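Asker: sharing a model prediction with you, sequence too.
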Amino acid sequence: MGLRAEKVKKDFIRKSKDTNVFTAVHPVDLKLTGGTLTELCGRSGSGKSTLLNMLAGLLKPSEGTVYIDDIDIYALEDKALSKLRNEKLGVIPQGHSAISSLTVLENVLLPLSVYERHVDPAYAMELLDMVGIAHLKDAMPSELSGGEMRRMAIARAFVTKPSIVLADEPTGDLDDENTEIVLRLLKEAAQKGAAVLLVTHEKEANKYADRIYRMNAGKLDPVL
């Protein structure tokens, strides 16, 4: 059980006097297994987020295949892929993705509402408390700071109790104290059986990781 990428590659078309193809991610083999926190580090522009988005079913690879529990996710129709993502994945995006017309609590509960899954406000509040923004449950996204928005997204990613967590720079807007809280939350998810991928620049993340990979110019290399 988990996520597996086989020879996943991503090309983008762009205008250039030499070539019109830019390879953002060269062929990658990667396996995320339950109970393991995998760290992916590298400089900005190295292809980390592109790879994560392909693993999440959000960006179709130019070549290769992504499997979730042995299901070829890009062979699915859009509706089936969306449902699978909702059931299996917790994705923490790098940018802000709140619904502006919903409160903090409503945003966190949204993944459960989309497919009429069991809604557990108490668990959502527990998550908000863990990331330190329970007191903002009735606030609107426009009232939040960047760090508070990020913590709301983290709570939302965990509300479905996903078996796979894909976190793209989840501590980017956070101070040291909240960075530690989020890293511990991701580690605890792995210890409870989730397959966790953490894309990060945080050196502190190394002590939480079971495996470490570095991405450079679209190529993936193991570090640990």
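Answerer: Structure received. Numbers count the residues shown, from 1 in each chain.
Asker: what about the longest helix that the chain contains, distance to the chain center?
Answerer: Longest helix in the chain by number of residues (criterion: DSSP state H): helix 176-191. Taking C-alpha atoms, centre = their mean, to the nearest Å, the mean C-alpha location of helix 176-191 is offset from the chain mean by 14 Å.
Asker: same question for stretch 164-178.
Answerer: Worked out by C-alpha atoms, centre = their mean, stretch 164-178 lies 10 Å from the chain centre.
Asker: only C-alpha atoms, please: export stretch 197-212 in PDB.
Answerer: The C-alpha coordinates for stretch 197-212 follow below in PDB (Å, rounded to 0.1, in the frame of the first residue of the first chain):
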ATOM      1  CA  LEU A 197       6.400  13.100   1.400                       C
ATOM      2  CA  LEU A 198       7.800  16.400   2.700                       C
ATOM      3  CA  VAL A 199       9.200  18.900   0.200                       C
ATOM      4  CA  THR A 200      11.200  21.400   2.300                       C
ATOM      5  CA  HIS A 201      14.200  23.700   2.700                       C
ATOM      6  CA  GLU A 202      14.200  23.200   6.400                       C
ATOM      7  CA  LYS A 203      17.400  21.600   7.700                       C
ATOM      8  CA  GLU A 204      15.500  20.800  10.900                       C
ATOM      9  CA  ALA A 205      13.400  18.300   8.900                       C
ATOM     10  CA  ASN A 206      16.400  16.000   8.500                       C
ATOM     11  CA  LYS A 207      16.000  14.600  12.000                       C
ATOM     12  CA  TYR A 208      12.400  13.600  11.300                       C
ATOM     13  CA  ALA A 209      13.100  11.900   8.000                       C
ATOM     14  CA  ASP A 210      13.400   8.200   7.400                       C
ATOM     15  CA  ARG A 211      14.600   8.800   3.800                       C
ATOM     16  CA  ILE A 212      16.100  11.900   2.200                       C
END
